[in-house]
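Enquirer: need the 3D shape of this:
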Amino acid sequence: MDQTAAIIKSNKRKRSKLDSSRGLSPQNNHKSKRRISKKRKLGSGDRLVPRLDVDSTSSSSPKPSAPKSEETTDIEPEYEYDPFLKTAGIRLLILHGGNKAANIECSLVFRKNEEYEALSYVWSQESSSDDLTSPPMIKIRTESGTARFVVSSNLLAALKELRHEHKPRRFWVDAICINQNDPAEKSAQVPLMAEIYSAATNVIVWLGEDTHESPIALALMQKIRYLKNFDQFVEKHTRCEEWEALTDLMRRPWFSRRWVVQEIALAKEATLHCGAYKIKWSEFADAVALFEEMAGRVRRKFKESVAHNHHSDYLGDVKALSASRLVNVTTNLVRRSDDGLVLKRLFSLESLVSTLTPFEATVPHDIIYAVLSLAKDTSGSVVDPVHGDTLVSPTTIATTVPTVKGRTPEVTSVLKRVVFGLKVHKYPVNYDKSFYEVCRDFLEFTTKKSHSIDILCRPWAPEGYPNLPSWIKTVHYTPYGPRLDNFLSRKHADTLVGLPKQGLRTYSASREYPGEWSFSKNAAVPSLSIRGFILDTVARTEDSARSGVIPDSWMKFGGWLSGERSQRECFWRTMVADRGPRGENPPTYYELACTNLLQERVRDDDINTGQIIERINSSILIEFTERLQSVIWGRKLIKTKAHSFIGLGPSKPKGVKKGDFVCILCGCSVPVLLRQVKDAPYFIFIGECYIHGMMDGEAFGIKNTENIDYKMFEIR
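Expert: Below you'll find the predicted structure:
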């Protein structure tokens, strides 16, 4: 039995003793945890022993069972906030010391120059029946005594675990430090989030209470950081159960919150807490990056595992996990100085909203508002430390840029301006607006900045708003989504427009012709008016490639079986949208790869690309097949009426059908499909489409030859 196995087995024995009395969390047994993390001098053969940190704030005595809510009396009033002034800065929560059995008692104060830690956690958790009848509460001290304050079970658990026994601890906790029932206060405080998290001495990430798998996952994270003999290490010194535990940890709800992106990206230091266990964010990020690098080897382990039914894709796509996305995004969002100051923001608001689709928000407005402070073209209400016009006092900002020995006040002032920017880019933050108005503000801002309307083709808006117009695409249609077992795998094809790139576009169907569009101000009838022209009409469609399975009928329909080289070339180029995986021209061997792939099918049978990837050993064929999947997954093969163009169109939400118009919209880099509403002067937006030979401005030659007029489309 190797050392990690011994730890796992020991951990299970300890937890089984606790299960009968208080459930799964091992927070009571702090002695056993200290035994796991007990330090000793390591010999050369001991390098792989995992280090499991236990929070130093935990008490050494067992924690007795306690009710869900803190004890309160009937006469104890609910807490009432003091009036909040815009120039008063922020509130801080002072968490007073106490043992594990004591009620949580706090004070709320306006911040002066005190240091504090910021808490990052999941707001909404599933409520139990006990929570509904007796909601969790804490006590907040007032001049006349104490008042009760309702919190979530998750926040209460965090405060209990993080509290010191004999001294207070200062936190900024959004649910308590901001009056959530005051929209005006929320609108004033949200633009300050970047300052709040960057000024904190540490951002404490609360993932929730620990489970049996938590120490296994943290142990693996420490093991894989040992890089000697890295390639062999994964195969010989790790087990499938460990990778399952790590994946379970990476799927915790915290990683899918929209707000955590800026909370981590702007933090000086960050620590992840899972019950009593903790790990530095930097160590976690290293482990996730290494997991991605060794994903192929991990897949092989599962393919060889009888216990996992030889299922190589058992864990799904690791890179699609929110935790992986978060590590990758936060690593590249900003550029920092050596002492941790944010010198430059690197992404536009459009890029952030288009990229951060796995990250959710409880309030739909926060899909936009939660990333304003991170965008290079919006700094929200970021403070100009020199010229004023501020929502926060200068003393608050002064603490954000630390004083360094030898640095003059003039240099410090310059650094502040570098961090926060001399020019304040106003962006409307208003929680009283309808969600459509928030979407319209976003689209008006981004399309004006980018001179592009490509955002219409990207899924970015939250689900659950049935009255949104057809030109606002929801995250339901993102490429990856949860399977029945809740692991992530591909659900849809990638967008043809791709993600926003500085000065770069994968296609240029509308060339550089200036766009002309406007968004309706009437929330009751949201519409988009945009200039363009009709290129052709859809004459015929084939079945969609559901789950990446290419219908056998596509071979004949697309001309592959004709034997004519021109038709075969048109077909294989359509299958990969005439591009490689990074938007470059397709490699010259793609035609050969397509021929080999199609030879894998049984005669007159559909082509299951997933099964082909499972059974072939050629890296070239796997690369080609994965590119093909990213293009055809869930799309329909189409042919147009006037010019017999072959192409691909969406099958959802309103799938392409005969009679739809293939249009070129000025400002959109790819052709789109519009459908005329019967007996009405407006259209609905079906989605982007690939039309072979019409992706780089060739449509304007047809427009000029056939004297096709521009028109203004009203789209609802």
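Enquirer: quick one: low-confidence ranges for the chain?
Expert: The chain contains residues with pLDDT under 70 at 1-75, 85-88, 124-133, 229-230, 340, 379-425, 485-486, 502-503, 602-604.
Enquirer: domain map for it?
Expert: Domains of the chain are assigned by automatic domain parsing as 458-545+634-716, 546-632.
Enquirer: which element is K556 on?
Expert: helix 553-557 (DSSP states H and E).
Enquirer: tell me which residues are up against the next helix or strand after that helix.
Expert: Using DSSP H and E, the helix or strand that follows helix 553-557 towards the C-terminus is helix 565-575. Helix 565-575 is contacted from outside by 558-560, 562, 586, 590-591, 594, 628, 631-632, 637, 646-648, 690, 692-693, using Cβ atoms under 8 Å, 6 or more residues apart in numbering. Bear in mind the C-beta positions are built from the backbone N, C-alpha and C, glycine included.
Enquirer: for helix 565-575, C-alpha coordinates in PDB please.
Expert: This file holds the C-alpha atoms of helix 565-575, laid out as PDB (Å, rounded to 0.1, in the frame of the first residue of the first chain):
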ATOM      1  CA  ARG A 565     -12.500  16.400 -56.700                       C
ATOM      2  CA  SER A 566     -14.100  19.800 -56.500                       C
ATOM      3  CA  GLN A 567     -17.200  18.500 -54.700                       C
ATOM      4  CA  ARG A 568     -15.100  16.300 -52.400                       C
ATOM      5  CA  GLU A 569     -12.900  19.400 -51.500                       C
ATOM      6  CA  CYS A 570     -16.000  21.500 -50.900                       C
ATOM      7  CA  PHE A 571     -17.400  18.800 -48.600                       C
ATOM      8  CA  TRP A 572     -14.300  18.300 -46.400                       C
ATOM      9  CA  ARG A 573     -13.600  22.000 -46.100                       C
ATOM     10  CA  THR A 574     -17.200  22.500 -45.000                       C
ATOM     11  CA  MET A 575     -16.800  19.800 -42.400                       C
END
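Enquirer: before we move on, back to that, taking the contacts of helix 565-575 one by one, which sit in strands?
Expert: Residues of the contacts of helix 565-575 located in strands (DSSP state E): L637, I646, G647, L648, Y690.
Enquirer: mind listing what the third one touches?
Expert: Residues in contact with G647, defined by Cβ under 8 Å, 6+ apart, are T574, L637, I638, K639, T640, V662, P671, C689, Y690, I691, H692, M694.
Enquirer: residues touching the closest residue to it other than its chain neighbours, list them.
Expert: Using Cβ to Cβ, 6 or more residues apart in numbering and skipping the chain neighbours, the partner closest in space to G647 is I691 (4.1 Å). Taking Cβ under 8 Å, 6+ apart, we find I691 in contact with L535, D536, T640, F645, I646, G647, V662, P671.
Enquirer: list only buried entries from these.
Expert: Neighbour-count burial (16 or more other Cβ atoms under 10 Å) applied to those gives L535, D536, T640, F645, I646, G647, V662, P671.
Enquirer: out of the ones in strands among the contacts of helix 565-575, which is nearest to K491?
Expert: L648 (16.6 Å; Cβ to Cβ).
Enquirer: sorry, back to before: can you tell me how far the residue nearest to G647 sits from F645?
Expert: According to Cβ to Cβ, to the nearest Å, I691 and F645 sit 5 Å apart.
Enquirer: which residues do the two both contact?
Expert: Joint contacts of I691 and F645 (Cβ under 8 Å, 6+ apart) are D536, V662.
Enquirer: where do the helices sit along the stretch 401-550 of the chain?
Expert: Shown for the stretch 401-550 of the chain, the helices assigned by DSSP state H, counting those that start in this stretch span residues 409-420, 435-450.
Enquirer: tell me which residues in the last one are buried?
Expert: Pointing back at helix 435-450 there. Neighbour counts over helix 435-450 (16+ other Cβ under 10 Å) mark 435-443, 445-447, 450 as buried.
Enquirer: I'd guess S282 is in a helix, am I close?
Expert: Yes: according to DSSP: H, G, I helix; E, B strand; the rest coil, S282 belongs to a helix.
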